[in-house]
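Chemist: Okay, structure incoming, though there's no sequence with it:
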């Protein structure tokens with residue numbers, strides 16, 4: 001089963017977690033691109049952890065998962081925290097909050113990498129639409 005999710009949803013969630021934008025606000029193009037770039041970096045690192053990744057576009061719009069809907073929801077939520085941990089230092093997030101974001105990002109990264117490869121073959125495709 002293939003499931004898709006707009007990359008901008010993950011990027012926006014990461015920006016909210018960092019306090020760059022509030023709920024209901026639209027991120028600036030520059031902030032959104034910073035988060036997209038971080039997400040692409042995270043996705044590019046996945047083969048080092050044994051996850052198959054076929055292609056990444058620098059202008060990604062959608063990520064397609066060949067996994068269950070439940071696993072996709074877990075990845076979506078977890079990637080938001082993982083990306084937030086990658087970008088929080090760039091947005092002058094206070095140190096205490098950075099530490100919290102980094103701890104949650106590490107938790108989700110470890111959970112995702114432990115949980116998903118054991119439960120289904122995963123193939124990520126990032127398509128620039």
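Modeler: Looks like it came in fine. Only a predicted model underlies this, so the values are computations on that prediction, with no experimental measurement involved. Numbers count the residues shown, from 1 in each chain.
Chemist: check contacts around residue 34.
Modeler: Residues in contact with residue 34 (Cβ atoms under 8 Å, 6 or more residues apart in numbering) are 87, 90. C-betas here are computed from N, CA, C, even on glycine.
Chemist: where's it, which helix or strand?
Modeler: Element membership for residue 34 (DSSP states H and E) is helix 29-45.
Chemist: ok, which stretches of the protein are helices?
Modeler: 7-17, 29-45, 69-87, 95-119 (DSSP state H).
Chemist: wait, which of these is closest to residue 23?
Modeler: Closest of these to residue 23 is helix 7-17, at 6.5 Å (criterion: Cβ to Cβ).
Chemist: name the helices or strands packed onto that closest one?
Modeler: Secondary-structure packing of helix 7-17 (3 or more Cβ pairs under 8 Å, 6 or more residues apart in numbering; DSSP states H and E): helix 29-45, strand 62-66, helix 69-87.
Chemist: from the ones you listed, which stretch is densest packed?
Modeler: Of all those, helix 69-87 has the most neighbours on average by mean count of other Cβ atoms under 10 Å, namely a mean of 21.
Chemist: can I assume residue 101 is in contact with residue 20?
Modeler: No - contact criterion Cβ atoms under 8 Å: residue 101 and residue 20 do not qualify, at 11.6 Å.
Chemist: what sits against the residue nearest to residue 107 when sequence neighbours are not counted?
Modeler: Nearest residue to residue 107, sequence neighbours excluded (Cβ to Cβ, 6 or more residues apart in numbering): residue 81, at 7.6 Å. Residue 81 sits next to 14, 17, 101, 104-105, 107-108 when contact means Cβ under 8 Å, 6+ apart.
Chemist: Quick one: buried ones out of those residues?
Modeler: Taking 16 or more other Cβ atoms under 10 Å as the criterion, what is buried in the contacts of residue 81 is 14, 17, 101, 104-105, 108.
Chemist: these two touch, right, residue 14 and residue 83?
Modeler: Yes - at 3.8 Å, residue 14 counts as touching residue 83 under the criterion of Cβ under 8 Å.
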